[in-house]
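Enquirer: have a look; sequence and predicted model below, questions after that.
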Amino acid sequence: MFPIIFASIMGRLMYQIARWKLERGVSLGTLEQLMGSRTLGSTVLTQFELRAFNALSLTLLVAWIFSPLGGQSLLRLLELRSHPVDSSITYYDVEFPTNLAEENTNNSVGDSTYVTALLTPDLIRKDTMDVWGNVKIPFLESYGVPNDSKWQNITRGQNLEYSALVGIPIANISTGNSTFAIESSYVHLECTQPKKAGTAVSYVIATYETLFNETGINATKEQWPANGTWNGFQQNSSQGKGNWNLALDRFVDEMWSSADNQLGPLLVNQTKIKAKPANLFFQGRFIVATDPDRGDIVKSKCKVFQKYVQSKIECSRISPETRQNCSVVAQQPSKKKHLPGSISHLSFPLIFEKISLNLPQAAGDSKSRSDLSLNYIKYSSAFEAITGGTVGLESIAAKVFSLRLSQLINSYLLANQIPMDNLMAGNGNLRANSSAHETATAKIYDLAQFYYVPRFWAAISYISCVVLLVSGTLSVVFAHLAIGPEVLGFASTVIRDSRYMDLHPDIGRMNGVDIAFVLKDERVRYGYTHLTRRQRPLVGVGRQEEIRLIKPNPRGESDAEM
């Protein structure tokens, strides 16, 4: 509506200015500029047609630009915005000491959780949350630049690899849209290409290059694992154990490792700590299709790092009764103080002892086929993990093998670290040990919206209305300043000024619209009037019965004279 009103008032102003200037004398170009600027479109076209690029052109264009701007400003004068408020959310701190560090720990619950995550359908496995509704943390290395200290955004549909199949529990998510950041870490492996290293007989995995301590890692002062030698449990599927081995060659000093202080938080405040990354040795046995009693041995060596990241998370929740929907939208390396990246969760013997012993057996005994964990590394699919079993890992790229083995280790760590009532808290509150919980400030955008007036569009609306008001006022002023009749822009003006029509003397003092009203039934024509002395026809406007039709010459042009 605003552009229509604006065009009516501004167009009238252009007419009254042209009328006033005509009475006082004006160039034909200026008069045509004014009369041709009675709408926004005609204003632009007139300037180009007349090639008139002067101060008047600029003034006309600036004045008319407020027609669309004013209309848009009124449409955008009120916006619906969400109301942001600060709130606190609670999440599980993965740096809290794990149950794996305790002696005589029952790992059956953790093993069940691990297998459940391993058999999660592919649709959920690729989702941003695990099957229990916890947020999964992506590998920063899978999509971004690990050494970039800035936030790195995750675009929708981006191909991500998550650090674990188990997510981090987050509670106290309010209704609406929430944005917050949490701290977490994960084990990151850099492995060599898996290679075939021989064949094992009777379900025994040969030790090849390894010095496994078959009695396990004895973390005592007398038998503390020595750096530079492989330490881990020897697996033997014929004895109800797993089809693969894990061994590590470097651990923290015994003074930094205990059940109460397993992750070494005191090390955070220590300076000038130099530690080389540990090496993880992997051996896996894959059944030979032609001989179930034989298996190909595949090996790989990995450097072990602990990566600390800060993840920005967005959550939405419609009501307290519905499940929250969360996803990581950006990540950056953590800014807080942490242990050196070369010291990982696996660097603590009490933890790696349980990893080396229990992880290869977590999916159960399988004498005739590779187990679920190995098949997951090969296929990364729940269906293939169940049905596969005769294909080795030699064809897997080193990067893919590194990511998937890291996923298995991280998943097992989280499955045994996070209490089940916390893991399944889902939309509720985290329970059990409150010291394992961290809080973060969340920006909550309530789903209830309110009206907001943008300053920019409010200013444009105000200016447009002022221009409209001034235009209307000036139109009245120029209408009173002009004394003569309104003759510009009317077809009746052509009749009044025609020398081929006899009209009443009062017609010359009438406005164009009044002339049109009086002579509205008069039929007129533009055509031949009479011949000149050189027998050339003259053209003009007159009554229809007195004017002959114009006929073009053979070239399609009129040979008439005005």
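Expert: Now that the structure is in, tell me what you want to look at. Residues are numbered from 1 along each chain as shown.
Enquirer: nearest residue to the middle of the protein?
Expert: Nearest to the centroid of the C-alpha atoms of the chain, with distances taken as CA atoms, centre = their mean, sits Thr155, at 4.6 Å.
Enquirer: and the pLDDT at that one?
Expert: Here the pLDDT value assigned to Thr155 is 85.
Enquirer: secondary structure class for it?
Expert: Secondary structure assignment for Thr155 (DSSP: H, G, I helix; E, B strand; the rest coil): coil.
Enquirer: what about it, distance to Pro146?
Expert: Remark: distance between Thr155 and Pro146 (CB to CB, to the nearest Å) = 18 Å. For every residue, glycine as well, the C-beta is placed using N, CA and C.
Enquirer: before we move on, what about Gly484?
Expert: To Pro146, Gly484 is 82 Å away according to CB to CB.
Enquirer: out of those two, which sits in the more crowded spot?
Expert: Remark: of Gly484 and Pro146, Pro146 carries more neighbours, 16 against 11, as counted by other CB atoms under 10 Å.
Enquirer: residue ranges of the helices in the stretch 201-350 of the chain, please?
Expert: The residue ranges that make up the helices of the stretch 201-350 of the chain, judged by DSSP state H, counting those that start in this stretch, are 349-358.
Enquirer: any stretches of it with poor pLDDT?
Expert: Low-confidence segments of the stretch 201-350 of the chain (pLDDT under 70): 201-225, 236-242, 254-273, 287-295.
Enquirer: how is the protein divided into domains?
Expert: For the chain, whose domains are defined here by automatic domain parsing, the residue ranges read 1-78+453-484, 85-93+108-427+436-448.
Enquirer: average pLDDT for the shortest one?
Expert: The average pLDDT for domain 1-78+453-484 rounds to 87.
Enquirer: next, the distance between the ends of that domain.
Expert: Its first and final residues considered, domain 1-78+453-484 spans 33 Å by CA to CA, to the nearest Å.
Enquirer: the closest residue in space to Glu546 that isn't next to it in sequence: what secondary structure?
Expert: Counting by CB to CB, 6 or more residues apart in numbering, Tyr500 is the residue found nearest to Glu546 once chain neighbours are left out, at 7.0 Å. Three-state assignment for Tyr500 (three-state DSSP): coil.
Enquirer: ok, Tyr500 - contacts?
Expert: Residues in contact with Tyr500, defined by CB atoms under 8 Å, 6 or more residues apart in numbering, are Thr529, Gly540, Val541, Gly542, Arg543, Glu546, Ile547.
Enquirer: again with Arg499
Expert: Counting by CB under 8 Å, 6+ apart, Arg499 touches Gly540.
Enquirer: can we see that at 10 Å?
Expert: Residues in contact with Arg499 (CB atoms under 10 Å, 6 or more residues apart in numbering) are Thr529, Gly540, Val541, Gly542.
Enquirer: now the residues you listed in a markdown table, please, with extra columns for secondary structure and pLDDT.
Expert: As requested, the contacts of Arg499 are exported to a markdown table (DSSP: H, G, I helix; E, B strand; the rest coil; pLDDT from 0 to 100):
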| residue | secondary structure | pLDDT |
| --- | --- | --- |
| Thr529 | strand | 83 |
| Gly540 | strand | 81 |
| Val541 | strand | 82 |
| Gly542 | strand | 82 |
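Enquirer: out of those residues, which is nearest to Tyr412?
Expert: Val541 (98.4 Å; CB to CB).
Enquirer: so who does the residue nearest to that closest one when sequence neighbours are not counted touch?
Expert: With sequence-adjacent residues excluded and distances taken as CB to CB, 6+ apart, Val541 is closest to Ser498, at 4.5 Å. Contacts for Ser498 were tallied using CB under 10 Å, 6+ apart; they are Val524, Tyr526, Thr529, Gly540, Val541, Gly542, Arg543.
Enquirer: quick one: Ser498 from Gly540, how far?
Expert: Counting by CB to CB, the separation of Ser498 from Gly540 is 6 Å.
Enquirer: which neighbours do the two have in common?
Expert: When contacts are counted by CB under 10 Å, 6+ apart, Ser498 and Gly540 have Tyr526, Thr529 as shared neighbours.
Enquirer: counting neighbours, what do you get for Asn243?
Expert: 28.
Enquirer: which residue sits closest to it, ignoring its sequence neighbours?
Expert: For Asn243, ignoring the flanking residues on the chain, the nearest one in space by CB to CB, 6+ apart is Arg285 at 4.6 Å.
Enquirer: surely Ser342 touches Lys307?
Expert: No. Counting by CB atoms under 10 Å, no contact exists between Ser342 and Lys307, whose distance comes to 11.3 Å.
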